[in-house]
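Trainee: What follows is a protein structure lacking sequence information:
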């Protein structure tokens with residue numbers, strides 16, 4: 001019985017740890033260069049004249065192949081040419097393809113598409129990065145973080161990375177203020193209705209709504225909060241604060257619903273945590289991101305929502 005091609009490739013990937021930039025760069029380029037060769041393939045035909053590197057690897061070639069698959073991010077500037085272990089992986093890949101060909105014809109188009117998907121998965125599974133740069137404001141660092149989420153959202157239509165980051169950063173901020181277990185945290189895709197919640201976070205007689213796109217529907221929820229005796233608060237991104245304020249005024253909620261910019265909330269929390277000592281602001285920032293990552297692990301199945309904190 002023929003082995004499923006996807007399963008065959010997945011097994012090779014797992015056994016040879018083809019998950020990072022260098023190995024992925026090699027296999028997708030090698031697949032392209034081998035498709036016009038006759039079987040059995042010989043490793044010697046794919047080595048440079050000095051026998052020290054795999055021939056045909058390069059950043060430009062890799063970029064061209066990935067572009068054909070609709071991938072425009074840079075996987076590797078050198079295309080895996082100088083990665084450690086490239087020669088050994090190439091030899092194993094030749095053996096793998098030769099073995100496949102002995103059993104049934106190799107479909108190079110299918111194989112290349114498989115590796116292209118692994119490259120997409122690699123990019124999609126990378127954590128976001130928040131850099132603590134002492135030469136810049138905390139808000140500037142957060143702006144860069146949010147732009148990363150926007151970019152990934154554009155590359156994955158239908159996904160809501162920015163909203164998830166906003167909601168879980170808000171949850172992390174609240175956890176720095178309140179005792180453990182004093183409020184519930186849900187996944188960013190969990191709607192209020194099915195969980196019988198009046199907002200994203202219910203804290204005593206205050207209800208907090210997190211949104212990157214304030215809407216008339218949100219204003220109706222805020223009205224319902226007020227009718228129930230609760231004070232609504234909206235946490236949003238900087239460029240949507242005015243939108244939220246305008247919608248609140250149009251809905252008759254001016255002066256009755258709080259509107260907060262997430263950057264201001266987090267910046268104030270960090271400076272409060274370091275007692276306004278600039279040199280010590282890295283510690284509360286790191287603690288905040290640690291809480292955020294804990295929340296992501298507890299509530300989400302997508303590890304790419306994690307944030308990697310870098311201090312300069």
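Mentor: Looks like it arrived, so ask away. What you are looking at is a predicted structure, and each value in this text was computed from that prediction instead of being measured.

Trainee: Going by C-alpha atoms from here, please, whenever you check contacts or count neighbours.
Mentor: OK.

Trainee: ok now stretch 202-212, how far from the chain's centre?
Mentor: Distance of stretch 202-212 from its chain centroid, counting by Cα atoms, centre = their mean, to the nearest Å, is 25 Å.

Trainee: If residue 209 is in a bridge, with which residues?
Mentor: Counting by DSSP bridges, residue 209 is bridged to residue 234.

Trainee: ok, it touching residue 188?
Mentor: No: using Cα atoms under 8 Å, residue 209 is not in contact with residue 188; the gap is 11.5 Å.

Trainee: between those two, who's got more neighbours?
Mentor: Using other Cα atoms under 10 Å as the criterion, residue 209 and residue 188 rank with residue 209 on top: 22 against 19.

Trainee: what's near enough to touch that one?
Mentor: 199-201, 232-235 (Cα atoms under 8 Å, 6 or more residues apart in numbering).

Trainee: If we only consider the residues you listed, which is nearest to residue 290?
Mentor: residue 201 (19.7 Å; Cα to Cα).

Trainee: measure the residue lying closest to the closest one once chain neighbours are set aside to residue 187 for me?
Mentor: Nearest residue to residue 201, sequence neighbours excluded (Cα to Cα, 6 or more residues apart in numbering): residue 208, at 5.1 Å. Per Cα to Cα, to the nearest Å, residue 208 is found 15 Å from residue 187.

Trainee: What of residue 63?
Mentor: Distance from residue 63 to residue 187, by Cα to Cα: 36 Å.

Trainee: okay, the two: which has more neighbours?
Mentor: Each of residue 63 and residue 187 has its neighbours counted (other Cα under 10 Å); residue 63 has more, 20 against 17.

Trainee: what's the host helix or strand of residue 10 in contact with?
Mentor: Counting by DSSP states H and E, the element that carries residue 10 is helix 5-16. By Cα under 8 Å, 6+ apart, the surrounding residues in contact with helix 5-16 are 18-19, 89, 96, 111, 114.

Trainee: Strands - which of the residues you listed land there?
Mentor: Members of these lying in strands (criterion: DSSP state E): none.

Trainee: Nearest to residue 292, out of these: which one, please.
Mentor: residue 19 (25.7 Å).

Trainee: how much space is there between the residue positioned nearest the centre of the chain and residue 203?
Mentor: Central residue of the chain (Cα atoms, centre = their mean): residue 304, 3.7 Å from the mean position. Using Cα to Cα, residue 304 is found at 29 Å from residue 203.

Trainee: and the strand or helix carrying residue 285, what's its mean pLDDT?
Mentor: Here residue 285 sits within helix 282-299, counting by DSSP H and E. Across helix 282-299, pLDDT averages out at 95.

Trainee: same check, this time on stretch 140-154
Mentor: 93.

Trainee: So which bits of stretch 96-106 are buried?
Mentor: 97-98, 100, 106 (16 or more other Cα atoms under 10 Å).

Trainee: And the residue nearest to residue 17 when sequence neighbours are not counted, which helix or strand is it part of?
Mentor: Nearest residue to residue 17, sequence neighbours excluded (Cα to Cα, 6+ apart): residue 23, at 7.9 Å. Element membership for residue 23, per DSSP H and E: helix 21-34.

Trainee: for that helix, packing partners?
Mentor: On a contact count with 3 or more Cα pairs under 8 Å, 6 or more residues apart in numbering; DSSP states H and E, helix 21-34 meets helix 59-68, helix 86-103, helix 108-124.

Trainee: Ok, which of the ones you listed comes nearest residue 169?
Mentor: Short answer: helix 108-124, nearest of the helices and strands packed on helix 21-34 by Cα to Cα, at 19.8 Å.

Trainee: Could you list the residues in contact with the closest one?
Mentor: 6, 9, 19-20, 24, 27-28, 31-32, 35, 66, 69, 71, 75, 152, 304.
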